[in-house]
Every structure is written in C-alpha cells, then in structure tokens.
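Asker: return a 3D structure for these sequence lines:
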Amino acid sequence: MNYRIVGKYMGYILFVEGLFMIPALLVAMGYHEPDTIAAFIPVILVCLALGGILARTRSRGSIGMGEGFVICSLGWIVMSLFGALPFFLSRRIPRFIDCWFETVSGFTTTGSSILTNVEGLTYGLFYWRSFTHWIGGMGVLVFLLAVVPLAKGNGEPFNLMRAESPGPAVGKLTPRISVTARITYAIYFGLTVLEFVLLMAGGMPWFDSLVNSFATAGTGGFAIWNNSIGHYPSQYLQMTIAVFMALFGVNFSVYYMLLMKQFKDAFANEEFRAYWAIMIGATVIIGINIMPMYPGDIGQGFRDSFFTVSSIMTTTGFGTADFDKWPDFSRYLLLIIMCIGASAGSTGGGMKVSRLLLMFKHLRSQMRQMLHPRKISPVRMDGRIVEDTVMFGTTAYMAAYAMICVISMLIVSLDGKGLVTTISAVIATFNNIGPGLDIVGTTGNFSSFSDISKFVMSIDMLFGRLEIFPILFLLSPSVWRRRALKK
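Answerer: Predicted coordinates:
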C-alpha cells in the first residue's frame, strides 16, 4: 500500500470539499443565519488547512487498481464525516449518527432521511444538503480528474475513474481520461442549468429551482418541503422534474454520441432502448393498475405513475403521490424497478439496466451451450463480444449484492419494524433510492431505526453508490499490507 499517495488524495478531496462548502456559507450569510454561519466556518477552515497540508505530501510510485479502490472508498467516507459536521455543529440535527446518515445519503444520492420536519433546516443547510447530491452524482474523483492535473501516465487516471464510476465496465469517450471527465461534467452542468432555467420559467422560486435541480441532477431526491415535489401543484413543474429525472438516468455516453451527431449509434444502444422500454412499460402498467384511484381524472393518474416510475427507476426519490397507498401489484412492481435502477454511466443507482441485460444474455448463451456443446455462443452487447472479465465481474457483483442484502436485512430486522419495512428500507438504501414502503414510504422517514441499523444502512448506501468492490477492498486486511497493491 502506498500510504503517501492515499494521504495525498485525501488532501485533495478535503480541500475540494472545503471549497464546495463556501457557497453554502454565503447562502447562510445572505439569509442571516448566525448558527449556520458559525457551523460552516470552522469546518471550511479545517478542510482547507488539513487538505492543503496532505495534498502537498510527496509520493513516489503509481496508483494501481487496488490503491484506486482504497482512495475512492476512503475518500467518500472522509468526505461524509466532514460533510456531516455543519449539521451537527449547528445543532439542527443533534445526534452525529443522524448527521452521518443524512450526509452519506446526500453524497451517495440516496435521499433517505432521518428528518421528521425537513422544513426545520436553514437555507444554508438546505443548500449544502442538496449540493451533496450534485457532488456525489458524478463523483468527486471524476471532478478532480476534470479540473486538476493529478495523475499522469501508467493508467492512473483510468484506475481512479474506474473505481468511482458506476457500471459493469468503464468506457472512455476520448483517449484521455481527463478530457472524458471534462466532457462528462460539461454535459452534467449543462443539463443542470437547463433544468434550473425551465423551473424558474415555470414560476418556481430561484432557491427552490436551484436545490431541486441539484437533487434531480444527482438523482438524489432531497426535498426542501415535507410533501416533496407535491408542494408544487403545477403540472408543468412536476413533469419538468419527472422528465429530467429520466434524462439523468441515461448513460452520459449516449449524450456524447448525440453531440457528435452519431445518432444511429446512440439510438441503437441496447441499454438505452431497454431503459426506456422498462420505464414506459412500467408507467403504463402502473397507470392502468391505479386508474380506479383516480375517478374522473385518468390523466393525473398516469402523470403520477410516470413521475413515480421515473423517480424510483432513476433512484431519485422525489414524490408527488403516496405510492405506499397504491395496490400491492404497483408497489411490488416499484420494488422490482428499485432493484433494476438506471443506466450504467448515469447518476442513477441500482443494479443498472446493463447488468440486467448481460445476465439475461449470459443465461441465454448458457442454455444454447447446453443444447449445442460444440458451438461457441459468446455474449454480445451492441454487436460487440463481451469480454469474459466483464461477465465474471457482473456475476461476482450479483453474488455480493445478494449476500450484502441478506446480511443487512437480518441486522435491520432486529429493530422489529416488520417484513415490508425491513426489506424495502435495505433495498432503498442499498440501491440509493431514498423512500421505501410502509414506515419508510414517501411520507415516512428513517428516524425510528436504531443506531446500529442506521450505521448498517449508511454503509449499504456507500456499497450501492461505489458498486460494492471499493468498500470490500477497504475492509480487506490484505489490502493494507505495504506491498499488497502492486500495480
């Protein structure tokens, strides 16, 4: 283990986090919030000072894949610990485990909350809480690769990006990772600004438009009102957010292809087509199922269906209707698409549509192999043969996914919240969705869980956002041996 390199990157992460807190401090100053100002100032100073010292650490050697995983997982934990301090020091959230849960939920773009009264926060904390979604949506390491010339040569940038980027495989839009990161962030920023402008045009206040755009872009779902997006009765505002949630669940490489006028390749992308097929199909099926609940206003039923499916599938977690009161069929269908999630290379969570496609294709390939043992039947995606390493990684991910879910559910079940609440709470946090069913539904929260359950579900959020393996590497004793991570 190259401890100096790990420390150096922790410094970069802390320094950037300190800079990111400054706008929240300015918002608090603008709204004259002395307790929030007093909470942000010392945290910002510590992040900048400690980050600056660590970032100047001299290091030799390069970053291997193992170091990339450790930097990624440890960086997210450190970022969450320091990011929780403003909530704790302001005493708006008195217990640190709750501050930690809320902040991890923010950075991992989960949106699960322990707050029983969201509107009790200050504007400065509202801004920081929602902005953690925007930071976590694309990833802090990807941001660093985009703006700072950190790692050079020897595959270091790729190792860092691969550790943080979601999906069974990481692709490069351009030959240089730093350029890929800049293009990705430019698309991300552009879509966020476009949503902000459209929400403002629809009459939403500027601050609401800003924080809701942050939460939508990161597919996080932290709302600033207790009734979430249902606070805004405008169909235009609700449908604008619903459409942008769906757009941020698309693989950003598709947007790059569209910008490069590669329209045929973009629309021929198998994951892209499957993503929209699942979303539209679920919207129609649920819309028909809940139709009796909307007598005389079928249109509103389908609008609520689309908003909810878009929110759940992209793992955003915003709400306009209490889907926990919907028929069992619709609720269980929502549980299924909670697990499926959005596209690889998007800001959404879940298993990812591409993994689902790969597993179905692998199953079909194995069945063909059984019928014709001498015939080679490779798995293909978008016309290209999928490498065995990708398939092995996908299978390992699914196995680890099932194992962690079962263990987490067993631990959380000790709280005695009931089967539906326990299962949906773990699924909602592990897949970075936010709301679950029953006690943790759209009108509920996670405040009643024990500290142990909150800690377990916080780790589940990190497992889900970082796609399991970086956290497993961090927990492995062999990783911390000084020579364990040779490139």
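Asker: skipping adjacent residues, who's closest to the residue nearest the centre of the chain in space?
Answerer: Residue closest to the mean C-alpha point of the chain, counted by Cα atoms, centre = their mean, is T109 at 3.9 Å. Spatially, and ignoring its direct neighbours in sequence, T109 is nearest to G220 (3.9 Å; Cβ to Cβ, 6 or more residues apart in numbering). C-beta coordinates here come from the backbone N, C-alpha and C atoms, glycine included.
Asker: and that neighbour, what does it touch?
Answerer: If you count contacts by Cβ atoms under 8 Å, 6 or more residues apart in numbering, G220 has them with 106, 109-111, 130, 132-133, 136-137, 214, 316-317, 434.
Asker: again, 10 Å this time
Answerer: Counting by Cβ atoms under 10 Å, 6 or more residues apart in numbering, G220 touches 105-112, 129-137, 214, 315-318, 347, 349, 432, 434.
Asker: so the residue located most distally from the centre of the chain, which of the three states?
Answerer: Residue distances from the centre of the chain (Cα atoms, centre = their mean) peak at R374, which lies 43.0 Å from the mean C-alpha position. Secondary structure, DSSP: H, G, I helix; E, B strand; the rest coil: R374 is coil.
Asker: let me know the pLDDT of it.
Answerer: R374 carries a pLDDT value of 77.
Asker: got the phi and psi for it?
Answerer: Dihedral pair for R374: phi -90, psi -10, per degrees, to the nearest 10.
Asker: give the helix, strand or coil label for the residue nearest to T109.
Answerer: coil.
Asker: could you point out which element follows the worst-scoring helix or strand of the chain on mean pLDDT?
Answerer: In the chain, no helix or strand scores lower on mean pLDDT, DSSP states H and E than helix 156-164, which sits at a mean of 59. Following helix 156-164 in sequence order, the next helix or strand is helix 177-201 (DSSP states H and E).
Asker: list the buried ones in that following helix?
Answerer: 177-178, 180-185, 187-188, 191-192, 195-196, 198-199 (16 or more other Cβ atoms under 10 Å).
Asker: gap between it and the chain center?
Answerer: Centroid separation for helix 177-201 versus its chain: 16 Å, with Cα atoms, centre = their mean, to the nearest Å.
Asker: for it, packing partners?
Answerer: When contacts are defined as 3 or more Cβ pairs under 10 Å, 6 or more residues apart in numbering; DSSP states H and E, helix 177-201 sits against helix 123-138, helix 140-147, helix 156-164, helix 206-217, helix 235-248, helix 252-259.
Asker: going along the chain, name the strands of the chain.
Answerer: In the chain, strands defined by DSSP state E lie at 380-381, 384-385, listed in chain order.
Asker: name every strand pairing with the first one and say which way it goes.
Answerer: Strand 380-381 sits in its sheet next to strand 384-385 (antiparallel), going by DSSP bridges.
Asker: neighbours of the residue nearest to S343 when sequence neighbours are not counted, how many?
Answerer: Nearest non-adjacent residue to S343, counting by Cβ to Cβ, 6+ apart: N251, 4.2 Å away. For N251, the count of nearby residues is 25 (other Cβ atoms under 10 Å).
Asker: residues near R380, how many?
Answerer: 12.
Asker: what sits against it?
Answerer: E270, K361, S365, V386.
Asker: and it, how close does it get to A344?
Answerer: 16 Å (Cβ to Cβ, to the nearest Å).
Asker: where does the protein dip in pLDDT?
Answerer: 60-65, 145-178, 479-487 (pLDDT under 70).
Asker: longest helix of it, counting residues only.
Answerer: Counting residues, the longest helix found in the chain (DSSP state H) is helix 3-30.
Asker: could you give me the buried positions within it?
Answerer: By 16+ other Cβ under 10 Å, the buried positions in helix 3-30 come out as 5-18, 20-21, 24-25, 27-28.
Asker: do the same with stretch 219-234
Answerer: Neighbour-count burial for stretch 219-234 [16+ other Cβ under 10 Å]: T219, G220, G221, F222, A223, I224, S228, I229, G230, Y232.
Asker: ok, the residues you listed vs G281, which is closest?
Answerer: T219 (20.1 Å; Cβ to Cβ).
Asker: tell me the contacts of the closest one?
Answerer: The contact partners of T219, by Cβ under 10 Å, 6+ apart, come to 109-111, 133, 136-137, 244-246, 248-249, 310-311, 313-318, 341-342, 346-350, 432-434.
Asker: can you check K454 too?
Answerer: Counting by Cβ under 10 Å, 6+ apart, K454 touches 95, 97-98, 100-102, 104, 112, 114, 412, 415, 429, 446-447.
Asker: helices - which of the residues you listed land there?
Answerer: For these, the ones inside helices are I97, D98, W100, F101, E102, V104, V412, T429, with DSSP H as the criterion.
Asker: who wins for neighbours among the residues you listed?
Answerer: Neighbour-wise, the ones in helices among the contacts of K454 (other Cβ under 10 Å) top out at T429, 34 neighbours.
Asker: which one is that residue nearest to, not counting chain neighbours?
Answerer: Distance criterion Cβ to Cβ, 6+ apart; nearest residue to T429, sequence neighbours excluded, is M457 at 4.2 Å.
Asker: before we move on, what about L210?
Answerer: In space, and not counting its chain neighbours, L210 is closest to F196: 6.1 Å by Cβ to Cβ, 6+ apart.
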